[in-house]
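Student: pasted the sequence and its predicted model underneath.
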Number of protein chains: 2
Amino acid sequence: MLQNRLLIDAALGKPVERVPVWLMRQAGRVLPEYRAVRAQAKNFIEFVKNPELAAEVTIQPVDILGVDAAIIFSDILVIPEAMGLPYEMIEARGPFFRNTIKTKSDIDNLKIAEAQDLNYVMQALQLSKKNLNNRVPLIGFAGAPFTILAYMVEGGGSKTFSKAKQFLYTQPELAHALLEKITQSTINYLKGQIECGVNLIQLFDSWAGVLSESMFYEFSLRYMSKIVDALDGKVPTTIFAKDAHYAIKKISETNCNTIGLDWTISANAARTAAGNKTLQGNADPCLLYANEEVIVKETHAMLKQFDKQNYICNLGHGLYPDLEKSKVKLFVDTVKGFSY
Amino acid sequence: MLQNRLLIDAALGKPVERVPVWLMRQAGRVLPEYRAVRAQAKNFIEFVKNPELAAEVTIQPVDILGVDAAIIFSDILVIPEAMGLPYEMIEARGPFFRNTIKTKSDIDNLKIAEAQDLNYVMQALQLSKKNLNNRVPLIGFAGAPFTILAYMVEGGGSKTFSKAKQFLYTQPELAHALLEKITQSTINYLKGQIECGVNLIQLFDSWAGVLSESMFYEFSLRYMSKIVDALDGKVPTTIFAKDAHYAIKKISETNCNTIGLDWTISANAARTAAGNKTLQGNADPCLLYANEEVIVKETHAMLKQFDKQNYICNLGHGLYPDLEKSKVKLFVDTVKGFSY
């Protein structure tokens, strides 16, 4: 059905004609066209909850940048909200939870979210699928349970997430109870996404990097692995645990199909740890500030290091809002035009 | 002369009776006694510039926590200030530079700092040495040139330091010129510290983690290595490049004596990469939020993993201000009481 299967074939380890490319946060402020649509919503959360607007910006990068996949425009924090813990998005500061999780009763009061609790995402997915018309795959996503816990306990962003980690160190049983509830909610949510037609699922553990190795395995990877298993191979899955450099091998031993890499991990080190598992990444977003010659040269070097098969080209983190659209497009075009 | 040489012997790879222990940010807000002295200064920068107060809080942790070394109370950003780029410390936000470095003429206008430009630090060191009376070694320090550049270009703290990295990507020649000037200033500063009697020097590359591996070698490690070489082995040196997990082997190939580790690196991985070079670290500061039993158990596990020789016990980052003093002391006592 899909006219462009590059992403799916690469994720499944099948041979590809060329390396597929998409960009984390491609449906975002880097595109003036996104900012125009964004201006139609009262605030960020209303924007996320508006299926028509969300679907519109989901498709924009396919048309404008020529990427090989769309990723649904949404936010990882829709899960806490669906569980009963709403958040606000404060301009230039980020997410903020008026109430946070501290006690057993806080956790008991959370519900396990069902896909229909996130109906606005399901509608955005259906609209996106319809309007994409099978030109490219549609990627669905969710936050990793640890990253969701981190926000629910910390109450917002943080350099150290020391409150969230204090919770893990002092109340590990409660932490596991909360992670279990988030995991069940996420499984329901992602099954709903698959029913709406997403072609690949990515889990974002944005704050894995604040954990030590043993804590990452105990409080993060086991829950991501559980989610991957529950999806039962219906679509390929990607685990992206930012800054969990030590965990590539352990991630490769889960049933996920693709491992997302940040830019601090070399292609060689990742390949050695991951065996034949498909790798995704990992250009430094700041490379796209450089002049055109440097962008092309460094992108070529990266493509050679990762090699053509079992590889999906992307950045090592989301696009920064102040990057120039023309340079982002140059990156995409450079990948698409490269011959091994 | 030194009554307690554990730190120096461990740094030099000599056999020790027990593992030495000190804590990054031990002269800090975790001690009520520090907060009492801090209250005597108008603001943080006046505090740093007051040799009597700085010396007083430098010695406090030796008396109160029983650590095996004092580290001079100061700030890595005294170097930009001495070069002609002053900063402010804004409560609950961190450092802020009203002027930042953007152009060649900005760099040309910076002076190369001499030790006498930082006379208040020299005085604080002399006072600290005198009052320590050789009970334990005194550690001097400076920021790594890349971390100093990052603040000078970015203008303050940042999750991504994307402005600083944009500078490296777009104006690498200017970046190297600036790094060279910072390096020369730092060498002058650290030579002055050695003349004042410091027994060991630590370089802090607090923001190494925002760089890719190749950029870390190009823009950070070569300058740290240059500083280490310029100090010519007069005192042992430690390089701590936070989150540069890939670089342990390359750091071990410099002439530094000790490698500081953050808590995302396992003892085994670090030892494999570093050979016999002395390692320092790496407990997660958040461990000290845990109950006493967990603190003791995890500290014992860490001590066993690192083994007794060629090892200095510390955290993987600075103490967080809201940790309890009694638990910090428990950590120190646990290390000092451990038998291999």
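Tutor: Nice, thanks for sending it over.
Student: who in chain A is up against chain B?
Tutor: With CB under 8 Å from any CB of the partner chain as the criterion, chain A meets chain B at residues A:159-160, A:162, A:165-166, A:168-170, A:209, A:211-213, A:215, A:243-246, A:263-266, A:269, A:284-287, A:289-291, A:294, A:320, A:322. From N, CA and C alone the C-beta is placed, and that goes for glycine too.
Student: CA-only coordinates of stretch A:322-330, as CSV, when you get a sec.
Tutor: The C-alpha trace of stretch A:322-330 is given here as CSV (Å, rounded to 0.1, in the frame of the first residue of the first chain):
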residue,chain,number,x,y,z
ASP,A,322,16.0,28.8,15.1
LEU,A,323,17.6,26.6,12.4
GLU,A,324,17.0,27.8,8.8
LYS,A,325,14.6,25.8,6.8
SER,A,326,16.9,25.9,3.8
LYS,A,327,19.6,24.2,5.7
VAL,A,328,17.3,21.6,7.1
LYS,A,329,16.2,20.9,3.5
LEU,A,330,19.8,20.7,2.4
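Student: residues in contact with that stretch?
Tutor: A:23, A:26, A:30-32, A:64-66, A:285, A:288-290, A:292, A:295-296, A:319, B:162 (CB atoms under 8 Å, 6 or more residues apart in numbering or on different chains).
Student: just the buried residues out of those residues, in PyMOL syntax.
Tutor: Restricted to buried positions by 16 or more other CB atoms under 10 Å in any protein chain shown, the PyMOL selection for those reads:
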select buried, (chain A and resi 23+26+30+31+64+65+285+288+289+290+295+296+319) or (chain B and resi 162)
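Student: mind checking which of the residues of chain A next to chain B are buried?
Tutor: Buried members of the residues of chain A next to chain B, scored by 16+ other CB under 10 Å, are A:162, A:165-166, A:168-169, A:209, A:211-213, A:215, A:243-246, A:263-266, A:269, A:284-287, A:289-290, A:320.
Student: ok, now which residue in chain A is the farthest from the centroid?
Tutor: A:Ser105 (30.3 Å; CA atoms, centre = their mean).
Student: please name the nearest non-neighbouring residue to the residue of the stretch 1-150 of chain A found nearest chain B.
Tutor: Among the residues of the stretch 1-150 of chain A, A:Gly94 lies closest to chain B, at 9.7 Å counting by CB to the nearest CB. Spatial nearest neighbour of A:Gly94, excluding adjacent residues (CB to CB, 6 or more residues apart in numbering or on different chains): A:Gly157 at 4.4 Å.
Student: separation between that neighbour and A:Trp207?
Tutor: From A:Gly157 across to A:Trp207, the span is 9 Å (CB to CB, to the nearest Å).
Student: which residues touch the residue nearest to the spatial centre of chain A?
Tutor: Centroid-nearest residue in chain A, with CA atoms, centre = their mean: A:Phe204, separated by 4.2 Å. Applying CB under 8 Å, 6+ apart to A:Phe204 gives the contacts A:76, A:141-144, A:147, A:240, A:242.
Student: ok, now with 7 Å
Tutor: With contact set as CB atoms under 7 Å, 6 or more residues apart in numbering or on different chains, A:Phe204 has these partners: A:76, A:141, A:143-144, A:147, A:240.
Student: out of those residues, which sit inside helices?
Tutor: A:Thr147 (DSSP state H).
Student: now tabulate the contacts of A:Phe204 in JSON lines and tack on pLDDT.
Tutor: Below are the contacts of A:Phe204 laid out as JSON lines (pLDDT from 0 to 100):
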{"residue": "A:Ile76", "pLDDT": "98"}
{"residue": "A:Phe141", "pLDDT": "98"}
{"residue": "A:Gly143", "pLDDT": "98"}
{"residue": "A:Ala144", "pLDDT": "98"}
{"residue": "A:Thr147", "pLDDT": "98"}
{"residue": "A:Phe240", "pLDDT": "98"}
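Student: between the contacts of A:Phe204, which sits nearest B:Phe44?
Tutor: Taking CB to CB as the measure, B:Phe44 sits nearest to A:Thr147 out of the contacts of A:Phe204, at 32.6 Å.
Student: I'd say the closest one and A:Val210 touch.
Tutor: No. Assessed by CB atoms under 7 Å, A:Thr147 is found out of contact with A:Val210, at 9.8 Å.
Student: so for those two, which sits in the more crowded spot?
Tutor: Set A:Thr147 next to A:Val210 and count neighbours by other CB atoms under 10 Å in any protein chain shown: A:Thr147 wins out with 27 against 23.
Student: how near is the more buried one to B:Asp284?
Tutor: Counting by CB to CB - A:Thr147 and B:Asp284 are separated by 17 Å.
Student: count of residues packed around A:Leu110?
Tutor: Count around A:Leu110 with other CB under 10 Å applied: 19.
Student: what is the burial count for A:Leu323?
Tutor: Residues near A:Leu323, counting by other CB under 10 Å, number 23.
Student: same question, the one 5 residues further on
Tutor: Here the number of neighbours of A:Val328 (other CB under 10 Å) works out to 23.
Student: and the pLDDT for it?
Tutor: In this model, A:Val328 is scored at 98, pLDDT.
Student: just the one 10 residues further on next, same as before
Tutor: The predicted local distance difference test score for A:Phe338 is 98.
Student: wait, it touches A:Ala301, no?
Tutor: No. Look at A:Phe338 against A:Ala301 with CB under 7 Å: they stay out of range, at 10.8 Å.
Student: those two: who's more crowded?
Tutor: Between A:Phe338 and A:Ala301, A:Phe338 has the larger neighbour count (other CB under 10 Å), namely 18 against 12.
Student: how about the more buried one, nearest residue that isn't a chain neighbour?
Tutor: If the residues on either side of it in the chain are set aside, A:Phe338 comes closest to A:Leu303, at 5.1 Å by CB to CB, 6+ apart.
Student: contact partners for that neighbour?
Tutor: Applying CB under 7 Å, 6+ apart, the residues near A:Leu303 are A:19, A:313, A:335, A:338.
Student: related to what we said a few turns ago, how far away is the residue nearest to A:Gly94 from B:Thr186?
Tutor: Going from A:Gly157 to B:Thr186 by CB to CB gives 32 Å.
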